[in-house]
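Colleague: below is the sequence, then the predicted model.
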2 protein chains.
Amino acid sequence: MELGPGPEFDRIRRIVQRLGATASAVGDDCALLRIGHSTLALSTDLSIEDVHFRRSWLSEQEIGWRATAAALSDLAAEGATPIGVLASIGAPAQDSGEPLQRLMEGVGEAAASVGAQVLGGDLAQAKTWILNLTVIGSAERPVQRSGGIVGDNVWVTGVLGGPRAALERWLVGSQPDAAARQSFAHPIPRIDAGCRLAELGAHAMIDLSDGLAGDAGHLAAASACAVAIDLGKLPLHSSVPEAARLAGIAPERYAALGGEDYELLVAMPPDFGEREAQSLGFESGVALTRIGTLAAGQGASFWSGGTLVEIAGFSHFT
Amino acid sequence: MELGPGPEFDRIRRIVQRLGATASAVGDDCALLRIGHSTLALSTDLSIEDVHFRRSWLSEQEIGWRATAAALSDLAAEGATPIGVLASIGAPAQDSGEPLQRLMEGVGEAAASVGAQVLGGDLAQAKTWILNLTVIGSAERPVQRSGGIVGDNVWVTGVLGGPRAALERWLVGSQPDAAARQSFAHPIPRIDAGCRLAELGAHAMIDLSDGLAGDAGHLAAASACAVAIDLGKLPLHSSVPEAARLAGIAPERYAALGGEDYELLVAMPPDFGEREAQSLGFESGVALTRIGTLAAGQGASFWSGGTLVEIAGFSHFT
């Protein structure tokens, strides 16, 4: 297993070393488990109030939806079909009535939106909201991060930078525009696109929970090649130009550094072209944009009009 | 699905109602999932610093072990064989170095002790330690809470009340004796006993995470019969007599109200007797004690020398 750079992954690397044979290969966000003739994909995802979100930004329903969609996004990135979710909730005592019910309604809606059931969970009292969503799906042809090969094209679903734009407005005490807010509060796990890309022979896939800059590096490290991204090709969320102007940086750079996009970054063989992308976009309801290539070498590099641009991604524990 | 009494379960009942068809039957701590010819058992368990434990009581390794053993105990109660665990950890920034590594070592040791692998996880920064352990196992003959029938005998593994004795010493700023401390810090998930009891035809099983008084009520509600417990038969932890004296209550009552015992309460058909219990105890390394019966009626009742004793169990959100 090769993990990308960064202090969060340094910690995971040390944990895996320390656990030795007790740890199975944990290179993807999903664990894969072979049961009879089926392959199951499992992932677990922690959302903590004041770390991952603030109460004042989101309704309880949105908090539940967002945490669940974020976990389901890991299944999408594996090309897996969701089966169920397990929801562990730490709830403040004063919110354990109607607010907890609304939060679980959001969890249920996100699960139902991809045909998954709420299989169970745990409930405890806590000082702030804590949500841990474990998701399980079946993957007929799991797509790992590690399968990218030199010559693949790199594609991305949807548009980038909306959640970052929302976050930055909130952080300065302002309100994001409706589209940016929606992209943060109500991310859509790209299940249909992920499954279809897997069927069409995707070599490697990852979701952009840490943002393109960070996650392209993880895909590069796992696939043992270099990922070259053409910043000029990035599909930008409608709120990015204005947000980037306020931040004083180029829109493409802004979008590349935005986290929590929950879009898919996928390495496809060269025979997957614009026509295939259009047809897949039509089927899955989300656009697919070619933004780069896999080449010999290592790491992720970002290019703007032929010039190399220095970019670093998000990490816990910086 | 019939859940037992209490405010925590009132909340879960409302959630299940609200989710409608999106929620599958979640009567047990484990969800059951049929995959091909296999039945998988899944459970998820949240441990929060200052809710479930305090730093000053436990080493990081013990915090990791305890949270993992607590989750694995749900598999034991289903008669399932563990396959793997997923560990979501929220770690304070200042503890994200060596303390985090030690905590994960405890997680790994608990997993390895029952032949499970650490399949994956999530890592985030948090103000206090948060651990969510999701466990997955295979259950050839899953034992639910709901299968108890009138005439069954009720048995319990191990001894009761040790964790409560430790907790109460800590809460008054004192130190528990070594045996009580060990029972809290290093619970043993009763996997071998649970699997063997399943093979031997257990009708219903539950672990005593909420304490005997609460969990006997859950088994009674799920099985739609009455559980009658003979308090005089309870197997007491060695620290209980002194702890009960300090608390000013009878030792049996003290043990019945102790939470976090992580022992198994099981309804066995009448042909399972003392001889079978001894042989199972020898194989699984834990004693089995007959403490009551299932009868027509509802709820859990506790008897002492022919007299009914009023007892109520632990609940979050009291």
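Modeller: Happy to help now that I have it.
Colleague: residues contacting stretch A:242-261 from elsewhere in the structure, which ones?
Modeller: A:70, A:158, A:160-165, A:167-169, A:180, A:183-184, A:187, A:208-214, A:229, A:231-232, A:234, A:236-237, A:240-241, A:302, A:304, A:309, A:311-314 (Cβ atoms under 8 Å, 6 or more residues apart in numbering or on different chains). All C-beta spots, glycine's among them, are computed from the backbone N, C-alpha and C.
Colleague: which residues in the stretch 1-150 of chain A form helices?
Modeller: Assigned by DSSP state H, counting those that start in this stretch, the helices in the stretch 1-150 of chain A fall at A:7-19, A:60-78, A:98-113.
Colleague: between the first one and helix B:98-113, how big is the angle?
Modeller: Relative orientation of helix A:7-19 with respect to helix B:98-113: 40 degrees, computed using axes from the mean of the first three to the mean of the last three Cα atoms, to 10 degrees.
Colleague: then helix A:7-19 to PDB, C-alphas only?
Modeller: Extracted C-alpha coordinates of helix A:7-19, given in PDB (Å, rounded to 0.1, in the frame of the first residue of the first chain):
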ATOM      1  CA  PRO A   7       0.800  14.600   8.200                       C
ATOM      2  CA  GLU A   8      -2.600  12.800   8.400                       C
ATOM      3  CA  PHE A   9      -1.200  10.000   6.200                       C
ATOM      4  CA  ASP A  10       2.000   9.900   8.100                       C
ATOM      5  CA  ARG A  11      -0.100   9.000  11.100                       C
ATOM      6  CA  ILE A  12      -2.000   6.400   9.200                       C
ATOM      7  CA  ARG A  13       1.300   4.900   7.800                       C
ATOM      8  CA  ARG A  14       2.600   4.600  11.400                       C
ATOM      9  CA  ILE A  15      -0.600   3.000  12.600                       C
ATOM     10  CA  VAL A  16      -0.500   0.400   9.800                       C
ATOM     11  CA  GLN A  17       3.200  -0.300  10.600                       C
ATOM     12  CA  ARG A  18       2.400  -0.700  14.300                       C
ATOM     13  CA  LEU A  19      -0.500  -3.000  13.700                       C
END
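Colleague: check which residues of that helix are buried.
Modeller: Across helix A:7-19, burial judged by 16 or more other Cβ atoms under 10 Å in any protein chain shown covers A:8, A:9, A:11, A:12, A:15, A:16, A:19.
Colleague: about what we covered before: most neighbours per residue, which of the helices of the stretch 1-150 of chain A?
Modeller: Comparing the helices of the stretch 1-150 of chain A by mean neighbour count (mean count of other Cβ atoms under 10 Å in any protein chain shown), helix A:60-78 ranks first with a mean of 27.
Colleague: for it, name the packing helices and strands.
Modeller: Here helix A:60-78 is seen to pack against strand A:38-48, strand A:81-91, helix A:98-113, strand A:130-138, helix A:178-185, helix A:191-199, strand A:204-207 when contacts are counted using 3 or more Cβ pairs under 8 Å, 6 or more residues apart in numbering or on different chains; DSSP states H and E.
Colleague: got the phi and psi for residue A:140?
Modeller: Note on residue A:140: backbone dihedrals following degrees, to the nearest 10 are phi -70, psi -40.
Colleague: verify the contact between it and residue A:40 for me.
Modeller: No - using Cβ atoms under 8 Å, residue A:140 is not in contact with residue A:40; the gap is 11.0 Å.
Colleague: between those two, who's got more neighbours?
Modeller: residue A:40 (22 against 13; other Cβ atoms under 10 Å in any protein chain shown).
Colleague: which residues does that one bridge with?
Modeller: On the basis of DSSP bridges, residue A:40 is bridged to residue A:33, residue A:138.
Colleague: I'd say it and residue A:138 touch.
Modeller: Yes - between residue A:40 and residue A:138 there is a contact at 6.0 Å, judged by Cβ under 8 Å.
Colleague: what sits in contact with each of the two?
Modeller: Both residue A:40 and residue A:138 are in contact with A:83, B:35, where contact means Cβ under 8 Å, 6+ apart.
Colleague: what parts of the stretch 101-250 of chain A come near chain B?
Modeller: Contact residues (Cβ under 8 Å from any Cβ of the partner chain) of the stretch 101-250 of chain A with chain B: A:101, A:104-105, A:108-109, A:111-112, A:117-127, A:130, A:132, A:134, A:136, A:138.
Colleague: how much space separates the residue in the stretch 151-300 of chain A that chain B sits nearest to from residue A:311?
Modeller: Relative to chain B, the nearest point of the stretch 151-300 of chain A is residue A:209 (10.2 Å; Cβ to the nearest Cβ). Remark: distance between residue A:209 and residue A:311 (Cβ to Cβ, to the nearest Å) = 17 Å.
Colleague: same thing with residue A:263?
Modeller: With Cβ to Cβ as the criterion, residue A:263 and residue A:311 are 17 Å apart.
Colleague: quick one: which of these two has more around it?
Modeller: Comparing residue A:263 with residue A:311 by other Cβ under 10 Å, the one with more neighbours is residue A:263, at 28 against 20.
Colleague: please name the residues that touch that one.
Modeller: Residue A:263 sits next to A:156, A:157, A:158, A:159, A:160, A:190, A:207, A:208 when contact means Cβ under 8 Å, 6+ apart.
Colleague: what do you get if the cut-off is 7 Å, keeping everything else the same?
Modeller: Listed by Cβ atoms under 7 Å, 6 or more residues apart in numbering or on different chains, the contact set of residue A:263 reads A:156, A:157, A:158, A:160, A:190, A:207, A:208.
Colleague: how about the fourth one, what does it touch?
Modeller: When you say that, I think you mean residue A:160. Each residue near residue A:160 by Cβ under 7 Å, 6+ apart is listed here: A:212, A:234, A:235, A:236, A:237, A:255, A:258, A:261, A:263.
Colleague: need phi/psi at it.
Modeller: As for residue A:160, its main-chain torsions (degrees, to the nearest 10) stand at phi -120, psi 150.
Colleague: distance check, it against residue B:199.
Modeller: Per Cβ to Cβ, residue A:160 is found 54 Å from residue B:199.
Colleague: which elements pack onto the lowest-mean-pLDDT helix or strand in chain A?
Modeller: Taking mean pLDDT, DSSP states H and E as the measure, chain A has helix A:7-19 as its least confident helix or strand, at a mean of 80. If you count contacts as 3 or more Cβ pairs under 7 Å, 6 or more residues apart in numbering or on different chains; DSSP states H and E, helix A:7-19 packs onto helix B:98-113, strand B:117-125.
Colleague: low-confidence ranges in chain A?
Modeller: Within chain A, the segments meeting pLDDT under 70 span A:1-4, A:25-27, A:312-318.
Colleague: so it: which segments form each domain?
Modeller: The record assigns chain A these domain ranges, following automatic domain parsing: A:37-138, A:145-309.
Colleague: please identify the deepest-packed of the ones you listed.
Modeller: domain A:37-138 (a mean of 23).
Colleague: start to end distance for it?
Modeller: End-to-end distance of domain A:37-138: 11 Å, with Cα to Cα, to the nearest Å as the criterion.
Colleague: ok, residue A:215 touching residue A:204?
Modeller: No - Residue A:215 lies out of contact with residue A:204 (Cβ atoms under 7 Å); the separation is 11.2 Å.
Colleague: I figured residue A:87 was touching residue A:133, is that so?
Modeller: Yes - between residue A:87 and residue A:133 there is a contact under Cβ under 7 Å: 5.8 Å.
Colleague: now for residue A:44: which residues touch it?
Modeller: By Cβ under 7 Å, 6+ apart, the contact list for residue A:44 reads A:132, A:134, B:86, B:88, B:120, B:121, B:122, B:132, B:134.
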